[in-house]
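Trainee: Provided below for reference: sequence and predicted model.
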Amino acid sequence: MITARAAATFEPVGRSVATARSFVRDTLQGWGHTDIIDDAVVLTSELVTNAVVHAGTSAEVLCLRSEDHVRIEVSDRYPEREIPLQSSAMNMGSPDREGGRGLQLCAALAGRWGVDYSATHKRVWFQLDLPERAVGTRAAGPNLPTDLLPLADDRVRVAVVQIDRVGAITGWNEDAEELFGYVSEQVIGKPLTDFAAWPHTPGTSTGIADALQLSRWEGSYGIRSANGRVTPVYASHLRVRDTDGEPSTVCLLVRDHERAVLQTPLRVPAPDSAAHGESQGSDPFEVFIGSPAPDDLDGLLQRTVERARDMLDGDSAFLLLATDDETELEVRASTGLPSARQRFARVPVEVGPNRYGSARMPAVHEDLTQVPGAVPLLNGTGMRSVVTVPLKVEGRLTGSLGVAAESPDRYSNEEALRLQFAADRIALAVESARLGELEKLRRGSLSFLVEASDLLAGTLDRDQTLALMAQMTVPTLATWCAVYTIADQASEPYLSYVLHEDEERIDGLKALLSRIAPPDPVPTPGARVWAAPAEAAHQAALRTSMRSLGLGEQESVSVSSGIGTTLQTASAVGGETVVLPLVARNRVIGMLTLGKPTDEHFRQEILELAEDLSRRAALALDNARLYSERMAISQSLQRSLLPPELPDVPGVEVEVIYRAAGEGNEVGGDFYDLFPIRDGAYGFAIGDVCGTGPEAAAVTGLARHALRLLAREGFGGPAVLERLNAAILDEGARSRFLTLLYGELWPQEDGSAILKMVCAGHPLPLRLRQDGTVEPYAEPQPLLGVMDDLELYEQTVTLDPGDVLLCVTDGITERREGSRMLGDDGLADVLSTCTGLTAGAVAARIMRAVERFAADAPSDDMAILAMRVPGLHHD
């Protein structure tokens with residue numbers, strides 16, 4: 001039954017992907033299902049990308065909530081695109097390929113998924129199961145309030161499994177089939193040990209075969225279900241005999257979170273019962289950990305070390321977890337030790353100098369002073385004796401549990417056996433919680449990288465990319481971050497950006513890093529430890545403290561703030577610092593440096609995530625560098641195609657406004673010029689080359705320089721443009737057609753000006769008279785660069801005092817807002833309001849009107865050349 005729904009539609013544009021992710025995240029947060037947000041966001045991102053980017057259609061996202069799951073549907077309007085079904089053996093592609101990746105993620109993350117087709121739509125959906133809620137409070141006594149009653153499913157299933165004297169299954173009821181997925185024919189006659197996941201290390205405690213022989217047994221273990229997963233169960237075993245005297249064991253099994261159905265009231269265990277496995281009325285795990293057990297890994301580990309220390313009356317205890325390859329152990333919990341200093345520190349497993357030499361077997365060290373370095377974790381702590389035992393699941397090393405004391409000879413093999421019993425009881429729970437944490441971290445990392453990739457892809461600005469790199473790592477991955485950049489192979493690394501989660505420490509951190517040599521630009525992948533910042537900070541703090549001791553009381557006050565800053569900086573960088581290379585296109589372009597405060601260490605999973613981020617950040621940073629270089633080249637070339645400055649023309653006001661379209665990374669085709677030809681004569685031009693880029697730039701440069709050269713050689717306007725047309729055609733395939741307005745200007749003694757103009761395919765110049773009338777002031781002629789043997793002619797006109805001649809490129813007249821266009825008439829209307837204005841004011845009013853005509857940024861270059869004859873009497 002659907003209990004809530006939310007829907008939204010997203011347009012086929014790139015930013016819709018991020019908007020869809022925000023919609024799903026906000027919806028699930030509003031419903032209170034934060035546990036599945038990461039998975040839902042990642043899957044939605046991939047499916048909406050398929051719709052709006054690859055299919056090019058709008059995407060409709062529908063979120064549906066029921067009692068036990070959330071279903072999210074993404075629909076697009078491109079039903080012909082082929083989607084493999086769940087049952088299909090079709091290869092959905094490599095995870096590194098764009099196509100098919102969303103379907104792989106659905107198969108990996110979703111409980112169920114599928115695709116539905118209609119005549120006009122395709123709908124891809126996935127379903128995420130909601131996590132089961134925790135067991136309610138257990139209490140003895142009648143008339144409990146409803147909210148204190150144990151939580152159970154609507155239909156409580158109790159599996160009844162009967163086992164014969166040799167351990168084979170003889171009975172398997174319908175609830176067992178529902179719980180574990182096997183029909184009775186699949187299990188009858190097989191040993192229970194084929195299906196039971198028993199939390200037990202051989203030789204140290206009661207095994208399942210022993211438990212089945214006891215008259216009564218109660219506790220927790222797991223059953224390997226037909227789907228390959230282990231279902232945690234709570235079991236009650238009762239040994240019975242039939243009428244013929246044949247013994248068998250009846251096992252009642254419920255889901256572990258419904259243990260209250262079978263569990264007998266918890267009794268206080270007899271002394272040492274935990275050591276000898278004699279407790280039969282309670283779960284040995286709960287006896288050791290306590291009930292209720294913490295529901296998170298860190299809480300479970302901390303409870304474990306505290307109970308282990310109390311059980312052996314120790315002064316400290318610690319627990320380390322093994323990496324997946326069992327080569328290293330990572331400190332995850334401790335008590336009685338400087339935990340902040342040791343947390344996430346890593347030590348090797350194998351025996352050797354200064355190595356943890358007893359990780360795979362129980363070990364007792366009666367006096368650590370006789371075997372220095374045997375347990376590096378305890379170096380410098382004052383602990384003298386220690387007992388350590390392994391945590392193993394199905395024979396695989398998963399961790400190590402140890403208890404230490406300040407006095408020697410405190411522990412013997414007897415304590416080792418007791419601690420091993422406790423380790424066996426909690427090993428499976430710890431491993432299950434660790435795997436759950438890793439899975440959650442993996443999914444969170446995937447969501448983090450999706451967001452990071454979107455942010456990095458959204459900018460080509462180098463400084464903004466540097467800031468994003470730092471802001472994504474602090475405080476999510478590290479306490480502070482520094483980014484070094486390398487301009488080229490011959491350059492030294494340069495400290496480009498520094499960020500700390502406490503803004504007041506950024507300046508001190510930047511000053512410290514500026515005083516020490518940067519890390520070496522090693523291209524080897526992965527994080528490497530960099531000790532220089534911590535050592536430099538320690539030395540600086542030590543020198544400052546020593547100087548302060550030699551100062552008088554009055555001077556101490558004046559430097560106290562400086563001392564505090566130095567000590568704060570030392571504390572900020574006193575932990576582990578790692579360097580990750582930024583490698584793009586087979587070149588080290590910088591280093592990403594991450595740090596922790598005093599004596600803290602990085603988790604291996606965080607370093608792996610940082611390495612993934614560094615690869616993406618390096619490519620984004622290099623793209624920003626290439627874009628910046630390209631923009632600088634384009635802007636330099638654009639400036640070279642425009643006149644450096646305009647000459648003063650006696651008796652004529654001249655104003656030019658030029659606006660390049662886009663972000664400045666393409667050379668535009670519009671140009672203008674005004675130059676002296678000879679005494680009393682000036683040439684002017686405004687033109688537009690077809691297209692943009694290097695080819696257009698070549699024609700622009702050719703046109704501007706040819707105009708000046710030919711005009712100064714004495715050629716008239718038609719001859720100048722005819723020769724320019726021939727030069728453009730000589731460029732062959734590289735040529736571009738050109739619209740051009742060229743003219744010659746002669747200021748007159750009476751305050752007027754004579755103009756001779758040729759308008760070759762260009763928007764016609766407009767003349768504004770003093771009475772406000774506007775009229776075209778030339779006749780259209782063929783454009784240049786299209787055909788040979790042009791026959792052009794020039795027109796001679798006169799500008800009277802107070803008249804304005806306005807020349808523009810088509811970026812002005814073709815300014816659009818939807819279906820509306822400014823056009824020649826709209827430009828004339830604006831010009832008619834400029835009577836009495838100077839040339840500069842006329843050009844500014846025209847440009848302002850053009851910009852306000854449409855809300856969007858201009859899509860074409862725009863150039864305005866305004867000339868006004870003020871007359872003989874003007875200010």
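Mentor: Perfect, thanks for sending it.
Trainee: how about the helices in the stretch 201-350 of the chain?
Mentor: Assigned by DSSP state H, counting those that start in this stretch, the stretch 201-350 of the chain shows helices spanning 208-213, 273-276, 284-289, 297-311, 339-342.
Trainee: lowest-confidence stretch among these?
Mentor: Among the helices of the stretch 201-350 of the chain, helix 273-276 has the lowest mean pLDDT, at a mean of 39.
Trainee: residue 609 belongs to a strand?
Mentor: No. Counting by DSSP: H, G, I helix; E, B strand; the rest coil, residue 609 is not part of a strand but helix.
Trainee: please name the nearest non-neighbouring residue to it.
Mentor: residue 445 (4.8 Å; C-beta to C-beta, 6 or more residues apart in numbering). Quick note: C-beta positions are derived from backbone N, CA and C, even for glycine.
Trainee: got any ranges where the stretch 501-650 of the chain has weak pLDDT?
Mentor: For the stretch 501-650 of the chain, the stretches flagged by pLDDT under 70 are 541, 544-572, 598-599.
Trainee: for the stretch 751-875 of the chain, just list every one of the strands.
Mentor: Along the stretch 751-875 of the chain, the segments classed as strands by DSSP state E, counting those that start in this stretch run 753-760, 766-768, 774-776, 780-781, 795-799, 804-808, 816-817, 820-821, 862-868.
Trainee: so which of those comes closest to residue 304?
Mentor: Each of those has some distance to residue 304 by C-beta to C-beta; the shortest is strand 816-817, at 69.3 Å.
Trainee: one step back: turn the strands of the stretch 751-875 of the chain into CSV, including distance to residue 591 and mean pLDDT.
Mentor: Putting the strands of the stretch 751-875 of the chain into CSV (distance: least, C-beta to C-beta, whole Å; pLDDT from 0 to 100) gives the following:
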stretch, distance to residue 591, mean pLDDT
strand 753-760, 57, 94
strand 766-768, 59, 94
strand 774-776, 63, 93
strand 780-781, 61, 92
strand 795-799, 64, 93
strand 804-808, 51, 95
strand 816-817, 48, 88
strand 820-821, 53, 90
strand 862-868, 44, 93
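Trainee: can you redo the ones you listed as CSV with distance to residue 835 and mean neighbour count?
Mentor: Output for the strands of the stretch 751-875 of the chain, formatted as CSV (distance: least, C-beta to C-beta, whole Å; neighbours: other C-beta atoms under 10 Å):
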stretch, distance to residue 835, mean neighbour count
strand 753-760, 18, 22
strand 766-768, 7, 23
strand 774-776, 10, 16
strand 780-781, 26, 16
strand 795-799, 14, 16
strand 804-808, 9, 27
strand 816-817, 26, 14
strand 820-821, 25, 13
strand 862-868, 11, 25
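Trainee: measure residue 164 to residue 215 for me?
Mentor: Look at residue 164 and residue 215: by C-beta to C-beta, to the nearest Å, they are 16 Å apart.
Trainee: swap in residue 496?
Mentor: 73 Å.
Trainee: more neighbours, those two?
Mentor: residue 496 (17 against 11; other C-beta atoms under 10 Å).
Trainee: re earlier: TSV for the strands of the stretch 751-875 of the chain, including distance to residue 839?
Mentor: Compiled in TSV, the strands of the stretch 751-875 of the chain are given as follows (distance: least, C-beta to C-beta, whole Å):
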stretch	distance to residue 839
strand 753-760	12
strand 766-768	11
strand 774-776	15
strand 780-781	25
strand 795-799	12
strand 804-808	7
strand 816-817	27
strand 820-821	26
strand 862-868	4
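Trainee: relative to residue 336, which of the ones you listed is closest?
Mentor: strand 816-817 (73.8 Å).
Trainee: partners of the closest one in the sheet?
Mentor: strand 820-821 (antiparallel) (DSSP bridges).
Trainee: how far does the strand it pairs with sit from the chain's center?
Mentor: Offset of strand 820-821 from its chain centre (C-alpha atoms, centre = their mean, to the nearest Å): 42 Å.
Trainee: equivalent analysis for stretch 413-430, please.
Mentor: So, by C-alpha atoms, centre = their mean, the centroid of stretch 413-430 is 41 Å from its chain's centroid.
Trainee: what about the residue of the chain positioned farthest from its centre, distance to residue 651?
Mentor: In the chain, the greatest distance from the average C-alpha position (C-alpha atoms, centre = their mean) is reached by residue 750, at 71.0 Å. Applying C-beta to C-beta, the value for residue 750 to residue 651 is 10 Å.
Trainee: how about the residue farthest from the centre of the chain, phi and psi?
Mentor: Main-chain torsions, residue 750, degrees, to the nearest 10: phi -80, psi 10.
Trainee: how about the residue nearest to residue 609, what does it touch?
Mentor: 605, 609, 612 (C-beta atoms under 8 Å, 6 or more residues apart in numbering).
Trainee: mean confidence score for stretch 161-170?
Mentor: 92.
Trainee: swap that for stretch 730-745, sorry
Mentor: Rounded mean pLDDT across stretch 730-745 is 86.
Trainee: buried stuff in that stretch?
Mentor: 735, 736, 737, 738, 739, 740, 741, 742, 743, 744, 745 (16 or more other C-beta atoms under 10 Å).
Trainee: and the second one, what element?
Mentor: Think residue 736. Assigned by DSSP states H and E, residue 736 falls within no helix or strand.
Trainee: surely it touches residue 691?
Mentor: Yes. With contact defined as C-beta atoms under 8 Å, residue 736 reaches residue 691; the gap is 5.8 Å.
Trainee: is the residue nearest to residue 609 part of a helix or strand, or is it coil?
Mentor: helix.
Trainee: hmm, back to that, residue 635: which of the buried residues of stretch 730-745 is nearest?
Mentor: residue 736 (20.6 Å).
Trainee: ok, the nearest residue to residue 800 once chain neighbours are set aside - contacts?
Mentor: Nearest residue to residue 800, sequence neighbours excluded (C-beta to C-beta, 6+ apart): residue 752, at 5.4 Å. For residue 752, the contact set (C-beta under 8 Å, 6+ apart) comprises 798, 799, 800, 801, 869.
Trainee: does the fourth one touch residue 868 like I think?
Mentor: No. The criterion here is C-beta under 8 Å, and residue 801 misses it with residue 868 at 9.4 Å.
Trainee: coming back round to it: the residue nearest to residue 609 and residue 770, how far apart?
Mentor: 73 Å.
Trainee: same check, this time on residue 62
Mentor: Distance from residue 62 to residue 770, by C-beta to C-beta: 67 Å.
Trainee: and those two? Which one has more around it.
Mentor: residue 62 (16 against 13).
Trainee: wait, that one sits on residue 7?
Mentor: Yes. Residue 62 lies in contact with residue 7 (C-beta under 8 Å); the separation is 4.7 Å.
Trainee: now for this protein: which strand has the highest residue count?
Mentor: Longest strand of the chain, by residue count under DSSP state E: strand 230-241.
Trainee: quick one: that one to chain centroid distance?
Mentor: 47 Å.
Trainee: and what of stretch 124-132?
Mentor: 24 Å.
Trainee: which of the buried residues of stretch 730-745 sit farthest apart?
Mentor: 735 and 745 (29.2 Å).
Trainee: hmm, back to that, how close does the residue nearest to residue 800 sit to residue 795?
Mentor: Taking C-beta to C-beta, one finds residue 752 at 16 Å from residue 795.
Trainee: same check, this time on residue 824
Mentor: Taken as C-beta to C-beta, the span from residue 824 to residue 795 is 18 Å.
Trainee: what does residue 413 give?
Mentor: If you go by C-beta to C-beta, the gap between residue 413 and residue 795 works out to 114 Å.
Trainee: again, but for residue 127
Mentor: When residue 127 is compared with residue 795 (using C-beta to C-beta), they lie 76 Å apart.
Trainee: repeat that for residue 866.
Mentor: Distance from residue 866 to residue 795, by C-beta to C-beta: 19 Å.
Trainee: great, nothing more from me.
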